[in-house]
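Asks: Pasting the sequence and the predicted model now:
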2 protein chains.
Amino acid sequence: MDSSEGSLRNALSQKQSAIEAQGNAVRALKAAGGSKAEIDAAIEALNGLKIEKASIEKQLQAVVSGAGGDGALNRESFRQIVGNTLERRLFYIPSFKIYRGVAGLYDYGPPGCAVKSNVLAFWRQHFVLEENMLEVDCPCVTPEVVLKASGHVDKFTDLMVKDEKTGTCYRADHLLKDFCNEKLQKDLSLSSEKAEELKHILAVLDDLSAEQLGAKIKEYGITAPDTKNPLSDPYPFNLMFQTSIGPSGLLPGYMRPETAQGIFVNFKDLYYYNGNKLPFAAAQIGQAFRNEISPRQGLLRVREFTLAEIEHFVDPEDKSHPKFSDVANLEFLMFPREEQMSGKSARKIPLGEAVAKGAVNNETLGYFIGRVYLFLTRLGIDKSRLRFRQHLANEMAHYAADCWDAEIECSYGWIECVGIADRSAYDLHAHTEKSGVPLVAHEKFAEPREVEKLVITPVKKELGLAFKGSQKNVVEALEAMNEKEALEMKATLESNGEVEFYVCTLGKNVLIKKSMVAISKEKKKEHQRVFTPSVIEPSFGIGRIIYCLFEHSYYIRPSKAGDEQLNVFRFPPLVAPIKCTVFPLVQNQQYEQVAKVISKSLTVAGISHKIDITGTSIGKRYARTDELGVPFAITVDSASSVTIRERDSKDQIRVSVEEAALVMKDVTDGLKTWQDVWSAFPHHASASAED
Amino acid sequence: MDSSEGSLRNALSQKQSAIEAQGNAVRALKAAGGSKAEIDAAIEALNGLKIEKASIEKQLQAVVSGAGGDGALNRESFRQIVGNTLERRLFYIPSFKIYRGVAGLYDYGPPGCAVKSNVLAFWRQHFVLEENMLEVDCPCVTPEVVLKASGHVDKFTDLMVKDEKTGTCYRADHLLKDFCNEKLQKDLSLSSEKAEELKHILAVLDDLSAEQLGAKIKEYGITAPDTKNPLSDPYPFNLMFQTSIGPSGLLPGYMRPETAQGIFVNFKDLYYYNGNKLPFAAAQIGQAFRNEISPRQGLLRVREFTLAEIEHFVDPEDKSHPKFSDVANLEFLMFPREEQMSGKSARKIPLGEAVAKGAVNNETLGYFIGRVYLFLTRLGIDKSRLRFRQHLANEMAHYAADCWDAEIECSYGWIECVGIADRSAYDLHAHTEKSGVPLVAHEKFAEPREVEKLVITPVKKELGLAFKGSQKNVVEALEAMNEKEALEMKATLESNGEVEFYVCTLGKNVLIKKSMVAISKEKKKEHQRVFTPSVIEPSFGIGRIIYCLFEHSYYIRPSKAGDEQLNVFRFPPLVAPIKCTVFPLVQNQQYEQVAKVISKSLTVAGISHKIDITGTSIGKRYARTDELGVPFAITVDSASSVTIRERDSKDQIRVSVEEAALVMKDVTDGLKTWQDVWSAFPHHASASAED
């Protein structure tokens, strides 16, 4: 807890006590018939105390607001303004709107859909093509066995409580979180100890068990938000959409919660396709599903979303990356575990240093962090509101070697948009075990290597005599011993001649004698090493990235007359939904003809554009396209040459009709920047055209 | 039925009777102790008849085989060869293979996934960009109300029968179809009448009701194929994957069976986005789902697939298309309804003629037929195995104005890959009705128009006195009359003074008197026309198109030594999964360095490629990439220049290292053909390199 907040809460409660004491003093004076001067002085002191209390309250209000009060209000009104623009221009649409929609489902309308397809095309170029990844495309419908192996059937749950009268469902942690935040922000009389307690709950919220959550909800008397009815105990709700495959009803299936499993189950074929060589990466773009209990946070927490996932398979003994030097000099905001624990902030760290010092576990993980940074910033994500945060030990799965989230700051706070995890061999192990198909890699040795191998040889005849029908269980248990257990047994047998041995399939100890088993270490020649590869998984929430991009790209500028606020999205040409517009300056057949000629050449060049021959003023037409984030506008004001206007600078150049499409191609393909063409073509000073 | 088949069946059955008669004659002769000469002569005659019968059988076998016997065998073995290559090279993989897979679910492996993404990118370019369509992206999870309105909840079914002992499910029509085909092909003793009957069943199979199907299954004694157990009566099974949205279990949902509904429910917003102007088209690419009872036909009938759908909204009174002249001169195989009914074959018809003569209902439908033809043939679909077949009257939905399928011939026969339907106003009407939100367009008149309008004015006072509590029902029923009903009532009231009138909400007739309602036609000035647009829907089954493309692109050529059959896919560069490979001719550090430089410049140019520095022979490396359909191979055989080999001609040119990527860019972007570069660069004669 912020020390100033704590001391203010203490000061406030002391001041409150002082006011009460002084109030009593005033009353006592009056009852005792004190002199007017005495009473007036006491009242004045009381008023003084009240003024002091009000001042402390004001300070405290300011402190707690910083964490979510006024700031949150500003953020919320910003979000509303951006959201209104996005929805009005159909970047997105609540799905099935004419039927009053479904919470957590959104459509991308035309410009949103174009942005999405540009983001995905760039993702393919930046990752799949440049890194020679093996892209696959697997179905969403997934049989239960696959998701049982991956752990989703058992563990992909949120804790839920039900309104005991209406049956309405809520996420238990959300209710507790809302309660704590509300108390902290609005209840100034909260003691500093109580405030400390609530903050602690917020910090450990994700770690609370169903029992702990339930106890807190009871303790604080939290009720259903809409009805104030009592709530049930929390219980787990599986977040997968369930269905049934085929007509029999006997094959349960789910809509996949992630695309990764489709890659893991294909590991064997992909490894073969890659010439039985490691490392290699497979990738998949596709829909994933999460049946949220009560979706919140608009486009950030939805029930269906597009994921782009990479599974990079690597030898666990060598996680170096040949291209790491390409990204080692990048420097950006990183937030290692230690800095988070010691209450520091994210700071700029050169990536090479973070890997060298071991803050990032290995080069391959580091390489992907760097590539993700380049991907996001090239899309237009603001560098200063992007950080890579390392998972704390308690956030990570037990098998994970290391995990970093690319978090982007938006009006909802810092949002996880890309997870980059070293998941070790967990997933391949799990599917090997469940399917019985070994998902492993081989390293052929240049020369055979001599290795010491443990050899356990049960003497079946002796065991048969001793254990009869249970012989098989005992043999299997002996053979399943690991090296440590076997060597201990060997030592005991040599010293004692016999040993107690627990056979789990029998559920009891048996007595093993020296004659029953031979244990030795033998030297063997091996020609190859067989191992389960580690997997490093960068997983991109495409919808979240796009939403943050919307917020980062949005700004307002006044109209020239100063009477209007104009919305602009500063999308780079790479992601802009439409690359340019073509306007005749005035309605006129000749200009329209020229506009159509240019439109045709833009189509041939594959540049998405819009032609606007309405008679609206040129200023209004610019404003309309700025609001869609269109980076360039071609205005036809003569039969031989046209002007091209850049959205953010509003600068204009003049080019011939023939050159227009070529210039557009150069600046939208990224071969040239606006600065390049600005210095290559005559400038057009427009006094009247704009606004 | 083929007349020669019929006469052969007749001849065969006559011959069989003759053989029986002659057999009896022989036996009678023997019993009567006829002379050896007599008996021998009779036996010879019998043998003669048997030889004649065998000859007829052979002819008949040949005739029925033509429709599915040997031909089918050849097609099946071709399919198997292509399929083996596709699966071995991971164009596709049965999904969840390590868990023994799920029928009807397939993954695209790396080359298949690349082909798919190329096909979709070209679809976007060819349709969305060139036609300025509004692309949207809606969720797969769809609430029941939407699919209730569209009719899918009630009608998206197949008829199913169950093995009464094991519960295994079968499609009823499949069992009947298999029975008929099997009989026709294998039972030569079938009478020509019976054969005629079975062929008729095959022709009307899709129109049979549950009762009719059940009766036939009973009549023919069809049993469960695996167990020979009796079958249940057929009953409808809904083919949508069902699920539940949210945790309450109260909001049923389905995985969408098509993407179109997402567009229809957004009509109002999209119309507004388009400046409230018609015509415009919206488009969507996405997954669709169909929970097949028992999937067959491999990649053609699957449980999850990618659709690309266009909904072109147009004024029903004006279905002309401004760009129709661009496609009017195209000439390709068309199969109008009349030609099908009269037993003719598809023939080449100029599209302009088909529209002018009314074979194709309207210009807009014709325009899309032409655009679909261009799309498919540019992908590499063989023109001679592509036809546009018009739906017969009984195939079309009652509301459809016209419907043409783009059918592609492959080893499974002629397969519907694109449906192009004029669905009139059906879908928008259905959602208007269910949602209460009018999905309509407006045509503003330049000048107000005078129109005659029917005005029905119930006289409430009179009605109230007569019907008391039922007054409201009567008023509503009167107001709901259409023009014809109202004018009839008016005429009857004027002649009789009263009329019987059925009020459906009361479920009975009431007596309406002249004083109770005024009916008149009035002239009114109208400023606009309000109407429900028609929709023309081209709907593409992307997976089917890709599968047919695989078959059409596949060929075998002998290796140079003649000892091997080499597989080749002749994909055009547009769809090829990898555009080129880069090989050093021999293993050598300098050549490898050059190969890496070229690889880098290809990456910068965005050209997907593969670098192969294994020491395998160049012939083997060519063979490997031919099998993936890679159109070009760059072989590094010096430090300054390289050869580029074209896959199908095996011709090679020589270009400098610097030019290599540029030449590749030109030929893969379609800016130049191989012929262009072949005439621009020196040729390389390779005696030894190939094979």
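Replies: Arrived safely, thanks for sending.
Asks: Tell me which residues are up against the strand ranked longest in chain A.
Replies: The longest strand of chain A (DSSP state E) is strand A:441-458. Contact partners of strand A:441-458, identified using CB atoms under 8 Å, 6 or more residues apart in numbering or on different chains, comprise A:271, A:276, A:278, A:313, A:315, A:474-475, A:478-479, A:481, A:483, A:486-487, A:516-533. (Glycine included, C-beta is placed from N, CA and C.)
Asks: ok, the residue nearest to A:Asn362 when sequence neighbours are not counted - how many residues close by?
Replies: Nearest residue to A:Asn362, sequence neighbours excluded (CB to CB, 6 or more residues apart in numbering or on different chains): A:Lys319, at 3.7 Å. The tally of other residues near A:Lys319 (other CB atoms under 10 Å in any protein chain shown) stands at 20.
Asks: so who does A:Lys319 touch?
Replies: By CB under 8 Å, 6+ apart, the residues touching A:Lys319 are A:361-365, A:422, A:534, A:536.
Asks: one more time with 10 Å
Replies: Contact partners of A:Lys319, counting by CB atoms under 10 Å, 6 or more residues apart in numbering or on different chains, are A:279, A:312, A:361-367, A:401, A:422, A:534, A:536.
Asks: Likewise for A:Thr614?
Replies: A:Thr614 sits next to A:583-584, A:587, A:620-621, A:624, B:275 when contact means CB under 10 Å, 6+ apart.
Asks: mind running it again at 8 Å?
Replies: A:621, B:275.
Asks: So which of the contacts of A:Lys319 sit within helices?
Replies: Judged by DSSP state H, helices contain the following of the contacts of A:Lys319: A:363-367.
Asks: May I see these arranged in a markdown table, with pLDDT and distance to A:Met664 as well?
Replies: Below are the ones in helices among the contacts of A:Lys319 laid out as a markdown table (pLDDT from 0 to 100; distance: CB to CB, whole Å):
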| residue | pLDDT | distance to A:Met664 |
| --- | --- | --- |
| A:Glu363 | 96 | 40 |
| A:Thr364 | 97 | 39 |
| A:Leu365 | 97 | 40 |
| A:Gly366 | 97 | 38 |
| A:Tyr367 | 98 | 35 |
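Asks: Adding distance to chain B and neighbour count as columns, could you present those in TSV?
Replies: Listed next are the ones in helices among the contacts of A:Lys319 as TSV, based on distance: CB to the nearest CB, whole Å; neighbours: other CB atoms under 10 Å in any protein chain shown:
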residue	distance to chain B	neighbour count
A:Glu363	20	22
A:Thr364	20	24
A:Leu365	23	26
A:Gly366	21	26
A:Tyr367	16	26
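Asks: between the contacts of A:Lys319, which is nearest B:Cys417?
Replies: A:His312 (36.6 Å; CB to CB).
Asks: Wait, the closest one touches A:Pro279, no?
Replies: Yes - using CB atoms under 8 Å, A:His312 is in contact with A:Pro279, at 6.3 Å.
Asks: Compare the two and say which one has the larger neighbour count.
Replies: A count of neighbours by other CB under 10 Å puts A:His312 above the other of A:His312 and A:Pro279, at 25 against 20.
Asks: And the more buried one, what's its pLDDT?
Replies: Model confidence at A:His312, given as pLDDT, is 98.
Asks: Mutual contacts of A:His312 and A:Pro279, please.
Replies: Joint contacts of A:His312 and A:Pro279 (CB under 8 Å, 6+ apart) are A:Thr364.
Asks: returning to what we had before: take the contacts of strand A:441-458 and keep only those in helices.
Replies: Judged by DSSP H, helices contain the following of the contacts of strand A:441-458: A:271, A:474-475, A:478-479, A:483, A:486-487.
Asks: Close to chain B: what parts of the stretch 501-650 of chain A are there?
Replies: With CB under 8 Å from any CB of the partner chain as the criterion, the stretch 501-650 of chain A meets chain B at residues A:603, A:606, A:608, A:610, A:614.
Asks: repeat that for 7 Å
Replies: A:603, A:606, A:608 (CB under 7 Å from any CB of the partner chain).
Asks: Restricted to helices, list these.
Replies: Among those, the ones falling in helices (DSSP H) are A:Thr603.
Asks: hey, where'd the strands end up in the stretch 401-550 of chain A?
Replies: Listed in chain order, the strands of the stretch 401-550 of chain A (DSSP state E, counting those that start in this stretch) span A:402-410, A:413-422, A:441-458, A:498-503, A:508-513, A:517-531, A:534-541.
Asks: Which one of the ones you listed lies nearest to B:Glu57?
Replies: B:Glu57 lies closest to strand A:441-458 among the strands of the stretch 401-550 of chain A, at 58.0 Å (CB to CB).
Asks: mind checking how far the closest one is from the chain centre?
Replies: In terms of CA atoms, centre = their mean, to the nearest Å, the centre of strand A:441-458 is set 42 Å apart from its chain centre.
Asks: for it, what is the average pLDDT?
Replies: 89.
Asks: now that strand and strand A:517-531, what's the angle there?
Replies: Strand A:441-458 and strand A:517-531 are oriented at 170 degrees to each other (axes from the mean of the first three to the mean of the last three CA atoms, to 10 degrees).
Asks: Please write out the alpha-carbon positions of strand A:441-458 in CSV.
Replies: C-alpha atoms of strand A:441-458 as CSV (Å, rounded to 0.1, in the frame of the first residue of the first chain):
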residue,chain,number,x,y,z
ALA,A,441,13.1,-36.2,-32.0
HIS,A,442,16.3,-38.0,-32.7
GLU,A,443,19.8,-36.7,-32.7
LYS,A,444,22.1,-39.0,-34.7
PHE,A,445,25.6,-39.0,-33.3
ALA,A,446,28.4,-38.6,-35.8
GLU,A,447,30.2,-41.4,-33.9
PRO,A,448,28.5,-43.9,-31.6
ARG,A,449,28.8,-42.8,-28.0
GLU,A,450,29.4,-45.0,-25.0
VAL,A,451,26.9,-44.5,-22.2
GLU,A,452,26.3,-46.2,-18.9
LYS,A,453,22.8,-47.7,-18.7
LEU,A,454,21.0,-49.1,-15.8
VAL,A,455,19.9,-52.7,-16.4
ILE,A,456,17.2,-54.3,-14.2
THR,A,457,16.7,-58.0,-14.7
PRO,A,458,14.0,-59.6,-12.6
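Asks: in it, what's buried?
Replies: Buried residues in strand A:441-458, defined by neighbour count with 16 or more other CB atoms under 10 Å in any protein chain shown: A:441, A:456, A:458.
Asks: Name the residues that touch stretch A:191-209?
Replies: For stretch A:191-209, contacts defined as CB atoms under 7 Å, 6 or more residues apart in numbering or on different chains pick out A:1, A:6, A:9-10, A:13, A:173, A:176-177, A:180, A:183-184, A:216, A:394.
Asks: Using PDB, write out every CA atom in it.
Replies: Provided in PDB are the C-alpha atoms of stretch A:191-209 (Å, rounded to 0.1, in the frame of the first residue of the first chain):
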ATOM      1  CA  SER A 191      -8.900   2.100   8.200                       C
ATOM      2  CA  SER A 192      -5.500   1.700   6.700                       C
ATOM      3  CA  GLU A 193      -5.400  -1.900   8.000                       C
ATOM      4  CA  LYS A 194      -8.600  -2.700   6.200                       C
ATOM      5  CA  ALA A 195      -7.400  -1.000   3.000                       C
ATOM      6  CA  GLU A 196      -4.200  -3.000   3.200                       C
ATOM      7  CA  GLU A 197      -6.200  -6.200   3.500                       C
ATOM      8  CA  LEU A 198      -8.300  -5.400   0.400                       C
ATOM      9  CA  LYS A 199      -5.300  -4.500  -1.600                       C
ATOM     10  CA  HIS A 200      -3.700  -7.800  -0.700                       C
ATOM     11  CA  ILE A 201      -6.800  -9.700  -1.900                       C
ATOM     12  CA  LEU A 202      -6.600  -7.900  -5.200                       C
ATOM     13  CA  ALA A 203      -3.000  -8.900  -5.600                       C
ATOM     14  CA  VAL A 204      -3.600 -12.600  -4.900                       C
ATOM     15  CA  LEU A 205      -7.000 -12.800  -6.500                       C
ATOM     16  CA  ASP A 206      -5.900 -15.200  -9.200                       C
ATOM     17  CA  ASP A 207      -4.500 -17.600  -6.700                       C
ATOM     18  CA  LEU A 208      -7.600 -18.000  -4.500                       C
ATOM     19  CA  SER A 209      -9.200 -21.400  -4.300                       C
END
